[in-house]
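>>> would you be able to build a 3D model of this:
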Amino acid sequence: MAKYAPLASFLRRQKRAEVNLTFRDIERIVGGILPKAAAVDGWWRADPSGPVMPQHIAFADAGFVAEPKTRAETVHFVRLDAARSFSDAEEAEDGSRTS
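A predicted model of the protein is given here:
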């Protein structure tokens, strides 16, 4: 996680529940170039059945999940509490539609 520790620190300092960063912003924060694999959505999203990657640990330690838009070279980071609240609200809304 050492390479992505500055990104985790940056995210922890954010007051907002959602943060949008370009790949260039992230490269400035980490002080290095993102790997070519960052151009693939899966590099940003943790797969429970796959290996744990350093960038996933950094996002999780900061309390965020990444929602990449790789074509636009941007990443939308959502605070885990906000992501849970949003999915809980969606589930409640879906449940009310079927009642």
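
>>> hey, let's count contacts and neighbours off CA atoms from now on
OK.

>>> what about residue 76, which SS state?
At residue 76, secondary structure determined by DSSP: H, G, I helix; E, B strand; the rest coil is strand.

>>> just checking, it touches residue 66?
Yes. With contact defined as C-alpha atoms under 8 Å, residue 76 and residue 66 form a contacting pair (5.9 Å).

>>> of those two, who's got more company?
For residue 76 against residue 66, the residue with the higher neighbour count under other C-alpha atoms under 10 Å is residue 66, and the figures read 23 against 16.

>>> where does the more buried one land in three-state SS?
Residue 66 falls in the strand class when you classify it by three-state DSSP.

>>> ignoring the adjacent residues along the chain, who's closest to it?
residue 77 (4.6 Å; C-alpha to C-alpha, 6 or more residues apart in numbering).

>>> could you do residue 78 as well?
Across the structure, with C-alpha to C-alpha, 6+ apart as the measure, the residue nearest residue 78 apart from its sequence neighbours is residue 18 (4.5 Å).

>>> can you give me the helices in this structure?
5-12, 23-30, 41-44, 54-62, 80-98 (DSSP state H).

>>> lowest mean pLDDT across these, which one is that?
When the helices of the chain are compared on average pLDDT, helix 80-98 comes out lowest at a mean of 56.

>>> about what we covered before: I'd say the residue nearest to residue 78 and residue 75 touch.
No. Between residue 18 and residue 75 there is no contact under C-alpha under 8 Å: 10.3 Å.

>>> the more surrounded of these two?
residue 75 (21 against 17).

>>> residue 49 versus that one, what's the distance?
22 Å (C-alpha to C-alpha, to the nearest Å).

>>> and if you look at residue 71?
Here the criterion is C-alpha to C-alpha. By it, residue 71 lies 25 Å from residue 49.

>>> can you check residue 35 too?
Here residue 35 is placed at a distance of 22 Å from residue 49 (C-alpha to C-alpha).

>>> and if you look at residue 78?
22 Å.

>>> center of the protein - which residue?
The geometric centre of the chain, computed from its C-alpha atoms, lies nearest to residue 66 (C-alpha atoms, centre = their mean), at 1.6 Å.
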